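S.K.: one predicted model, sequence on top.
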Amino acid sequence: MQLIATKAFSTESSTPRITAPSLRLWILFAVALLAAAFYANSIVNGFALDDVGIIETNPTVRELDWTKVWAENYWPVRESPPDILYRPLTIWSYLVNQALTPNATWAFHLTNILLHALVTALVSLLAWRIFRSSSIAFVAGLIFAIHPIHAEVVANTVGRAELLAALWSLLALLVFLPASNISKLDVPPRHWAHGLLVAACFLLAMLSKETPVALIGAMGFIDLWRWAQTPRADRPSFFRYFAGRSLRYYLPLLLAFGIYLALRMHGTDLLRDIRGVHPIVNPLVGAGLAERLLTPFMLLAKYLELMVWPATLSADYSAPSIMPSANIFHPMILAGMLITALGALLTIATWKRRPQVALILVLFVSSYVLVANYLRIGTIFGERLFYWPSVFVTILAAAGICALWQYAAEIRFRTALRASTAALLIAASIAMSVRTYLRNQDWQDNIALAISTARDNPQSAKACQWAGITLLSQAQEPWMKNFGLELLHRAIELYPTFGDSYWEIAKYEGRQGNLNKSVQYLAEAARYRGGAVDIRIALSAVKSDIAVHPEAELLAHMNARLAENPQDPTRHLAKGLVLAGHSHFKEAVAAMDQALALDPAFHEAAAELGMAHLAAGDKITGVAILRKYVMQVRNNVEARCQLARALMELDPQEFPTALAEAAMNVDRAEQLGNGDSRVRSLRAELQRKKQARETPPILKVADNRLLSQPGR
């Protein structure tokens with residue numbers, strides 16, 4: 001059996017072969033055509049999910065700013081994302097679409113489809129270069145072309161980052177590998193510029209997305225693998241071989257990486273601040289060492305499960321649908337560890353007899369290492385993240401299928417086994433094609449995606465929250481809006497400390513005129529989403545609504561809720577807001593003091609306490625509290641404006657530095673506000689205060705007399 005399996009991967013077998021001496025070009029065209037055909041229905045899709053912020057409403061794309069893309073963050077700055085990314089080539093490709101076909105969503109999707117088709121052809125070409133088998137090349141291309149796990153990448157426009165990164169990574173590998181037998185070192189010498197071409201492909205891959213950095217390690221292993229496969233008699237010394245390879249390839253690769261780092265440092269932060277990633281998106285942010293080491297095995301098992309059985313797919317896998325674990329007996333961790341152990345054993349077993357299998361396995365490891373979250377990234381899991389690793393999974397699966405086909409030729413019941421193998425491959429291909437076709441429709445627009453995401457992953461709090469927001473704000477049918485509200489409440493049940501869910505319900509209840517509930521959820525949003533500018537604005541603005549609402553009704557509701565749970569600081573804040581709205585400032589101060597006593601880190605309660613002191617006439621205490629707030633929450637425009645306004649109201653004789661401190665806060669607000677009209681009006685008021693202070697009193701009297709004279 002071992003001999004038979006060897007023949008399946010060999011071009012030197014004396015038995016009837018499934019390999020071809022050269023790649024049949026029709027295979028590349030066929031798999032590319034299949035890839036385009038089975039994703040063709042996504043061409044009618046609009047923009048969904050991240051497409052909206054990165055493409056549809058992105059000023060850089062809409063205004064065709066060709067130079068800005070190289071010196072700014074992947075996400076628009078106004079979005080203020082926690083994960084700072086740098087993908088200028090991807091953004092540049094959107095500009096090309098916008099320039100050629102302005103605002104035509106079909107053109108963006110057509111580009112993705114064509115890129116996927118090209119990547120599929122290159123996957124087939126790579127499979128053939130490694131195994132020298134047209135059958136393996138075709139099967140690998142077929143699986144990669146139609147697999148539904150790729151729908152998020154192809155049918156969603158922002159998946160282009162994965163497409164471009166995979167395209168340039170494949171080109172880098174194909175240029176790097178020798179055109180003849182890749183396991184031999186005695187190949188015709190290449191031009192010195194060949195290494196620069198590999199480095200250029202690598203740089204373009206990095207400018208599309210960050211993950212291709214692992215290619216440097218993959219290429220190093222390929223060279224090590226080729227050197228180890230060479231017979232000892234023909235093998236050069238290790239130092240001599242790698243010294244030559246370093247000069248030709250690794251130094252240009254490192255130079256390309258240095259250029260990328262320089263561009264990234266100029267355009268954005270070198271590394272994103274992982275502390276800014278919310279733990280609901282990636283629970284590994286706050287995980288311990290054991291969880292960080294074991295959870296990647298769980299993720300590996302989950303990814304491979306979706307490759308084998310992609311029946312249920314989701315746009316989001318946030319907490320608590322996938323949570324870190326340090327339990328070595330967790331079923332998915334055990335499965336991942338077993339898969340890893342089998343892969344290691346297979347690598348050792350095939351190192352000599354079937355070295356191509358060992359090569360593919362190690363290339364898969366290099367592609368998965370960054371997806372695995374050993375180095376924590378912006379999300380714990382995502383189908384799009386597996387686009388590049390799936391290249392090697394599909395090639396390995398194709399090699400296994402072809403090996404089974406070859407094995408069937410050597411046994412007694414070969415006809416039945418071959419028929420079963422063919423029937424299984426055809427059935428799987430049909431099932432995957434149908435699933436891909438249906439999955440493409442889920443990405444048609446935000447409403448379709450919201451319904452499918454809530455249906456397919458109801459255990460993800462962020463999925464429920466996003467779907468709920470989308471249905472409440474964009475759907476027209478009443479049942480969809482009701483479903484959206486249910487999803488937001490489910491998100492709170494799944495993840496009670498995720499403030500965005502409370503905030504969205506507060507806004508919805510406010511629009512519906514349910515002020516009691518709106519104030520209640522706003523207070524809870526203030527606790528779990530503290531520091532957000534819109535929360536600070538809403539807390540100030542809601543008092544105007546409270547002032548015209550019957551006081552007795554609101555207080556009765558707030559007191560009833562307090563009686564249910566007097567240890568909840570948000571309920572004390574809600575009551576304080578009602579009291580402040582009806583000008584009972586001393587009682588409001590007491591309520592907010594109680595909220596802070598229960599939760600000293602409740603920053604928005606502290607800010608409201610400062611505002612209540614100001615309203616009560618205790619300006620010194622109010623300023624001191626707001627000053628402390630802006631030192632803890634440094635990037636809140638509204639808080640800076642509130643503090644500056646309070647400082648300007650202090651007596652300049654008693655507080656001579658108050659205007660200077662106000663100016664400092666206005667300056668900071670201008671930096672954060674990016675043209676905010678409130679900041680401009682505050683600046684004008686500050687200038688008037690300064691001029692009034694600098695004008696001599698006697699001149700003021702003279703001016704007043706002149707203005708009071710008749711005819712003046």
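M.R.: The structure has been received and is ready for your questions. Since the structure is predicted, the reported quantities are computational estimates derived from the model, not experimental observations.
S.K.: what's next to stretch 155-163, contact-wise?
M.R.: Applying C-beta atoms under 8 Å, 6 or more residues apart in numbering, the contact partners of stretch 155-163 are 39, 42, 45, 47-51, 54-55, 74, 87, 90, 93-94, 105, 108-109, 111-112, 115-116, 119, 152-154, 208-209, 315, 384-385, 387-388, 439-440, 442-443. All C-beta atoms are positioned from the backbone trio N, CA, C, and that covers glycine.
S.K.: so which of these belong to strands?
M.R.: Applying DSSP state E to the contacts of stretch 155-163, no entry is found in strands.
S.K.: of the residues you listed, buried ones?
M.R.: Buried subset of these (neighbour count, 16 or more other C-beta atoms under 10 Å): 39, 42, 45, 47-51, 54-55, 74, 87, 90, 93-94, 105, 108-109, 111-112, 115-116, 119, 152-154, 208-209, 315, 384-385, 387-388, 439-440, 442-443.
S.K.: narrow these to those in helices?
M.R.: For the buried ones among the contacts of stretch 155-163, the ones inside helices are 50-51, 90, 93-94, 105, 108-109, 111-112, 115-116, 119, 152-154, 208, 439-440, 442, with DSSP state H as the criterion.
S.K.: and for Ser681, the neighbour number?
M.R.: Using other C-beta atoms under 10 Å, Ser681 has 11 neighbouring residues.
S.K.: how close does it get to Val666?
M.R.: Distance, Ser681 to Val666, by C-beta to C-beta, to the nearest Å: 10 Å.
S.K.: and stretch 107-119, how far out from the chain's middle?
M.R.: 21 Å (C-alpha atoms, centre = their mean, to the nearest Å).
S.K.: same check, this time on stretch 345-364
M.R.: Offset of stretch 345-364 from its chain centre (C-alpha atoms, centre = their mean): 33 Å.
S.K.: what residues are up against Asp568?
M.R.: By C-beta under 8 Å, 6+ apart, the residues touching Asp568 are 562, 598.
S.K.: how far away is it from Arg160?
M.R.: Distance from Asp568 to Arg160, by C-beta to C-beta: 46 Å.
S.K.: same question for Ala140.
M.R.: 22 Å.
S.K.: and if you look at Arg353?
M.R.: Distance, Arg353 to Arg160, using C-beta to C-beta: 40 Å.
S.K.: between those two, which one's more packed in?
M.R.: Neighbour comparison, Arg353 and Arg160: the larger count goes to Arg160, with 29 against 14 (by other C-beta under 10 Å).
S.K.: give me the element that one is part of.
M.R.: Applying DSSP states H and E as the criterion places Arg160 in helix 160-176.
S.K.: from the middle of its chain, how far away would that helix be?
M.R.: 20 Å.
S.K.: cool, and stretch 258-265?
M.R.: Using C-alpha atoms, centre = their mean, the mean C-alpha position of stretch 258-265 is found 21 Å from that of the whole chain.
S.K.: same check on stretch 139-159?
M.R.: The answer for stretch 139-159 is 18 Å, by C-alpha atoms, centre = their mean.
S.K.: likewise for stretch 88-102?
M.R.: Taking C-alpha atoms, centre = their mean, one finds stretch 88-102 lying 20 Å from the centre of the chain it belongs to.
S.K.: quick one: mean pLDDT over it.
M.R.: The average pLDDT for stretch 88-102 rounds to 94.
S.K.: contacts for it?
M.R.: 54-55, 58, 60-62, 64-66, 69-70, 74, 104, 107-108, 111, 157, 160-161, 164, 204, 207-209, 263, 267.
S.K.: and that stretch, what's buried?
M.R.: 88-95, 97-98.
S.K.: where in the stretch 351-500 of the chain is pLDDT low?
M.R.: Along the stretch 351-500 of the chain, segments meeting pLDDT under 70 span 409, 411-413.
S.K.: cutoff 80 now
M.R.: By pLDDT under 80, the weakly predicted segments of the stretch 351-500 of the chain are 376, 407-418, 421.
S.K.: swap in the chain?
M.R.: The model of the chain has pLDDT under 80 over residues 1-23, 76-84, 179-192, 233-234, 266-277, 376, 407-418, 421, 672-678, 689-712.
S.K.: which stretches of this structure form strands?
M.R.: When secondary structure is read from DSSP E, the chain shows no strands.
S.K.: show the contacting residues for the closest residue to Lys689 other than its chain neighbours.
M.R.: Leaving aside its chain neighbours, Lys689 sits nearest to Met648 (5.4 Å; criterion: C-beta to C-beta, 6 or more residues apart in numbering). Counting by C-beta under 8 Å, 6+ apart, Met648 touches 658-659, 662, 685-686, 689.
S.K.: please repeat the previous calculation with a cut-off of 10 Å.
M.R.: 658-659, 661-663, 665-666, 682, 685-686, 688-690 (C-beta atoms under 10 Å, 6 or more residues apart in numbering).
S.K.: alpha carbons of stretch 373-389, in PDB - could you do that?
M.R.: Below are the C-alpha coordinates for stretch 373-389, written out as PDB (Å, rounded to 0.1, in the frame of the first residue of the first chain):
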ATOM      1  CA  ASN A 373      -4.000  34.400  17.200                       C
ATOM      2  CA  TYR A 374      -0.700  33.500  18.900                       C
ATOM      3  CA  LEU A 375       0.000  37.100  18.000                       C
ATOM      4  CA  ARG A 376      -3.300  38.600  18.900                       C
ATOM      5  CA  ILE A 377      -5.200  40.300  16.000                       C
ATOM      6  CA  GLY A 378      -8.300  42.300  15.700                       C
ATOM      7  CA  THR A 379     -10.700  39.400  15.700                       C
ATOM      8  CA  ILE A 380     -10.700  35.900  17.200                       C
ATOM      9  CA  PHE A 381     -12.000  34.100  14.100                       C
ATOM     10  CA  GLY A 382     -13.200  34.900  10.600                       C
ATOM     11  CA  GLU A 383     -13.900  32.900   7.400                       C
ATOM     12  CA  ARG A 384     -12.100  35.500   5.400                       C
ATOM     13  CA  LEU A 385      -8.900  35.000   7.400                       C
ATOM     14  CA  PHE A 386      -8.700  31.400   6.200                       C
ATOM     15  CA  TYR A 387      -8.600  32.300   2.500                       C
ATOM     16  CA  TRP A 388      -4.800  32.000   2.200                       C
ATOM     17  CA  PRO A 389      -4.400  28.900   4.500                       C
END
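S.K.: can you mark which positions in the helix holding Arg160 are buried?
M.R.: For helix 160-176, burial by neighbour count (16+ other C-beta under 10 Å) applies to 160-173, 175-176.
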